[in-house]
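sequence-free structure coming up:
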């Protein structure tokens, strides 16, 4: 176990529909996990969802995500346009929300704005709607997202995730050093914690 690391960490980036699927289950499967926003493109081996070879690959990817969401009883997926969205600002807000103890509420609201409402998290209004859903004041959100300490916090969280072996999002890191990648691996992470 790493010094000071006493609970599991759920790593995510708000652009990722697979992270959205995982986020909808993390509270149930890993209720004590810390939610940690990271910049997935800065992780080794991350899929930024920009390298599809053709439209058929895009449609197959979307169909797979939509089927999983439907099987779990989630709202029908609505894809933001553009997809993937530029979530740089939203990720700073998620980091600010984490620093004030609101990461779960804000991140779930942002994921739902993106993938249940089909809104672009690259637009500040969409981010503010998500923030309002968890009672974060717009002025506090704007000020928090612009703080150097928030940008540094996102950098540090991403660097620590990579150091811990996180290659992509979603991922769950356990205090014993094991890392579980992908939405489907949440069940394995839960089983590992129970064992």
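Noted; the coordinates are in hand. Remember, predicted model here, so these are calculated numbers, not experimental data.

what helices or strands is the helix-or-strand element of the chain with minimal mean pLDDT leaning on?
Of all helical and strand segments in the chain, the minimum by mean pLDDT, DSSP states H and E falls on helix 186-194, at a mean of 86. Under the contact definition 3 or more CB pairs under 8 Å, 6 or more residues apart in numbering; DSSP states H and E, helix 186-194 sits against helix 17-29, strand 179-181. Glycine gets a C-beta too; all of them are placed from N, C-alpha and C.

now the angle from it to helix 17-29?
Counting by axes from the mean of the first three to the mean of the last three CA atoms, to 10 degrees, helix 186-194 lies at 30 degrees to helix 17-29.

got a list of contacts for helix 186-194?
Under the criterion CB atoms under 8 Å, 6 or more residues apart in numbering, residues 8, 22, 25, 26, 29, 30, 170, 172, 174, 178, 180 lie in contact with helix 186-194.

quick one: the last one and residue 29, what's the gap?
Taking CB to CB, to the nearest Å as the measure, residue 180 and residue 29 are separated by 11 Å.

looking at the helices and strands packed on helix 186-194, spot the one closest to residue 123.
Closest to residue 123 of the helices and strands packed on helix 186-194 is helix 17-29 (CB to CB; 17.5 Å).

what is the mean pLDDT for that closest one?
The pLDDT scores in helix 17-29 average 94.

mean confidence for stretch 171-184?
Per-residue scores along stretch 171-184 average to 94.

next one: residue 187 relative to residue 36, how far apart?
Distance from residue 187 to residue 36, by CB to CB: 20 Å.
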